[in-house]
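> Fold the following for me, if possible:
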Amino acid sequence: MPKTSKAKTAKRPSTDDEQLPPKQSKVADTRPPLCFDSPASLFQSLIQPMETEQFFSEYWEKKPLHLQRTDHDTASYYQSLFQLSDLPSLCSEDLEYYRDVNVVRCINGKKKVLNKPGRVKSSGLNKSFVQNKATIQFHQPQRFKDELWRIQEKLECFFGALVGSNVYITPQESQGLPAHYDDVEVFILQLEGQKRWLLYTPTFPLASEYSVESEEKIGSPTHDILLKAGDLLYFPRGTIHQASTPAGVDHSTHVTLSTYQRMSWGDLLLDIFPNLLWDHSKTAVSLREGMPRGLLLGDSDNLDTSRTLSAGLRSLADGLENGTQQVRSTHMKRDFIMNRLPPYSQQELLQPAGKIPALEDMVCLRFKDHIVITVEPSHEKTDEATQLVVFVLHSLKNQRESHMMGDSCDEEEEQDTSRGLQFPLSHLQALRQLQQAQQLAVDQLQLPTQEAKLSLVLALWSESLLVAL
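Residues are numbered from 1 along each chain as shown. Got it, this is the predicted structure:
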């Protein structure tokens, strides 16, 4: 799920005279085989006829899964997500090589990049595709394709993690990338044509980084799969793979949906550990005692140092197990909510909905799947001891055009607070009430005064996060 540089705002498509072969007509509107009623129903329909419970117990992070589809509706719907004939109009969006498009070919087990300088032109892609038999890799097409936005936004709600995508268009008897493994869980939808996939036993199961593997190292494939239009292929991160378009198939188009990058238990520990240590050191004097003199210069006994650190870690673990230490994820939550897709068709959502809430009203949160609550030190700089506050962060104002395109502008940290609200720590329980309830009377909020209750719901309503029923 690679991130590149910041994307520019997409423009309306304009006519492009250059056409990539073969010319194709637009797929007529078909009834989606996917169910968008909820995040769970979307995922269930994506992997049908398999049940979600079976998928996570038998396949997730364990082994590949190939779902063959023979119905015409699914194949037509998949093709409507992205097809070769979409490229000329997309080239009018001021696309750039490397940022938006890569042109690559695998030659003798090595990736050769055939990108050109400047903007991406349809004629240049056409030449690379036809003459050089190169693969066209289109980064994060959900920035331009509404239905992919719709799918990936729901999947981000389902997984509670970022979901990126790349489209790969490969001519016949050609391969774009050498054998490699990724640091993401991969769902491949075959949109056009056919593609042959060779999968190999991982050398680094559940990998935490991308890596190319040599043919000598990977051995024989464990799976040899021919994906046809409408099929789905899943494999866990770390699975070594390579894919090519067979002879006799004009071209192959597939989209890779990827998720769970840096979402391991180890990543969570890295996120929560500073807060755990900070919280625990307020009550554990031993953690506030100074290190031995000369420790950083290597003048202290390593065994004594290891024993002291081990005792501190055991104390932290005991606090977690008996409930006296709270798990407070901050960076992972912020990264997810600030970089994920906004709600599908978001424009009408940016204004407060319904009447202004009053004390006697029943209320409920809107867009719960797009809200996270964090407890962290106040960002305000004062001479007083650091105070914990509550942040309610949301993705309603996120920009679809920059989704999964890497770091945004330098002012992003300053803009973080504009995508959420800050409350005193005393409001945490009331916010959890709202988060867990289907609906709740304002007067039942666990806050000491009527004024505090009304102030909280008004703040959430003004941010389009709450509605009075």
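> Tell me where the model's unsure across this protein.
Within the chain, the segments meeting pLDDT under 70 span 1-31, 346-349, 407-418.
> Spatially central residue for it, please.
The structure's the chain has its C-alpha centroid closest to Leu162; by Cα atoms, centre = their mean the separation is 1.2 Å.
> quick one: contacts for that one?
Contacts were defined as Cβ atoms under 8 Å, 6 or more residues apart in numbering; by that measure Leu162 touches 1, 156, 259, 261, 336, 339-340, 404. No exception for glycine: its C-beta is placed from N, CA and C like everyone else's.
> So which residues of this structure form helices?
39-46, 52-58, 72-81, 87-90, 122-130, 146-159, 215-218, 265-281, 285-288, 302-322, 331-339, 412-415, 428-436, 450-462 (DSSP state H).
> so what secondary structure elements neighbour the fourth one?
This means helix 87-90. helix 122-130, strand 135-139 (3 or more Cβ pairs under 8 Å, 6 or more residues apart in numbering; DSSP states H and E).
> Okay, angle between the longest one and strand 135-139 too, please.
It refers to helix 122-130. With axes from the mean of the first three to the mean of the last three Cα atoms, to 10 degrees as the basis, helix 122-130 and strand 135-139 are set at 130 degrees to each other.
> how far is helix 122-130 from where the chain is centred?
Using Cα atoms, centre = their mean, to the nearest Å, the mean C-alpha position of helix 122-130 is found 31 Å from that of the whole chain.
> And for the last one?
For strand 135-139, the distance between its averaged C-alpha position and the chain's averaged C-alpha position is 19 Å (Cα atoms, centre = their mean).
> ok, back up a step: out of the helices and strands packed on helix 87-90, which is the most enclosed?
Of all the helices and strands packed on helix 87-90, strand 135-139 carries the top mean neighbour count, a mean of 24, counting by mean count of other Cβ atoms under 10 Å.
> For it, which helices and strands make contact with it?
On the basis of 3+ Cβ pairs under 8 Å, 6+ apart, strand 135-139 makes packing contacts with helix 87-90, strand 101-107, helix 122-130, strand 163-171.
> JSON lines for these, including distance to Ala229?
Shown next, in JSON lines, are the helices and strands packed on strand 135-139 (distance: least, Cβ to Cβ, whole Å):
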{"stretch": "helix 87-90", "distance to Ala229": "18"}
{"stretch": "strand 101-107", "distance to Ala229": "23"}
{"stretch": "helix 122-130", "distance to Ala229": "19"}
{"stretch": "strand 163-171", "distance to Ala229": "13"}
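> For Ser426, which of those is the nearest?
Taking Cβ to Cβ as the criterion, strand 163-171 is the member of those that comes nearest to Ser426, at 35.6 Å.
> Tell me the spacing between the residue nearest to Lys145 when sequence neighbours are not counted and Ala430.
Distance criterion Cβ to Cβ, 6 or more residues apart in numbering; nearest residue to Lys145, sequence neighbours excluded, is Phe82 at 6.0 Å. Taken as Cβ to Cβ, to the nearest Å, the spacing of Phe82 relative to Ala430 amounts to 45 Å.
> Quick one: end-to-end length of stretch 220-237, please.
Start and end residues of stretch 220-237 are separated by 19 Å (Cα to Cα, to the nearest Å).
> Check the offset of that stretch from the chain's centre.
Relative to the centre of its chain, stretch 220-237 is centred 22 Å away, using Cα atoms, centre = their mean.
> In TSV: the helices and strands packed on helix 87-90, plus distance to Pro424.
What follows is the helices and strands packed on helix 87-90, written out as TSV (distance: least, Cβ to Cβ, whole Å):
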stretch	distance to Pro424
helix 122-130	55
strand 135-139	42
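> Can you check which of the ones you listed gets nearest to Tyr234?
Set against Tyr234 and scored by Cβ to Cβ, the helices and strands packed on helix 87-90 come closest in strand 135-139, at 20.1 Å.
> Which strands border that closest one, and is each parallel or antiparallel?
Using DSSP bridges, strand 135-139 pairs in its sheet with strand 101-107 (antiparallel), strand 163-171 (antiparallel).
> tell me the contacts of the residue nearest to Lys145?
The contact partners of Phe82, by Cβ under 8 Å, 6+ apart, come to 138, 141, 145, 148, 167, 191, 253, 255.
> next one: phi and psi at it?
Summarising the backbone geometry of Phe82 under the convention degrees, to the nearest 10, its torsions are phi -170, psi 140.
> From here on, call the first residue 52.
Okay, using 52 as the starting number, the last item reads as Phe133.
> Kindly list the main-chain dihedrals of the residue nearest to Gly345 when sequence neighbours are not counted?
The shortest distance from Gly345 to any residue that is not its chain neighbour, by Cβ to Cβ, 6+ apart, is 5.9 Å, and that residue is Ser351. With angles defined as degrees, to the nearest 10, Ser351 sits at phi -110, psi 160.
> about what we covered before: okay, the contacts of Phe133 in a markdown table with distance to Asn177 next?
As requested, these are exported to a markdown table (distance: Cβ to Cβ, whole Å):
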| residue | distance to Asn177 |
| --- | --- |
| Phe189 | 15 |
| Pro192 | 19 |
| Lys196 | 21 |
| Leu199 | 23 |
| Val218 | 17 |
| Leu242 | 19 |
| Thr304 | 15 |
| Val306 | 21 |
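> From these, keep the buried residues only.
For these, a burial check counting by 16 or more other Cβ atoms under 10 Å picks out 189, 192, 196, 199, 218, 242, 304, 306.
> Touching, the fourth one and Ser216? I think so.
Yes: with contact defined as Cβ atoms under 8 Å, Leu199 and Ser216 form a contacting pair (6.1 Å).
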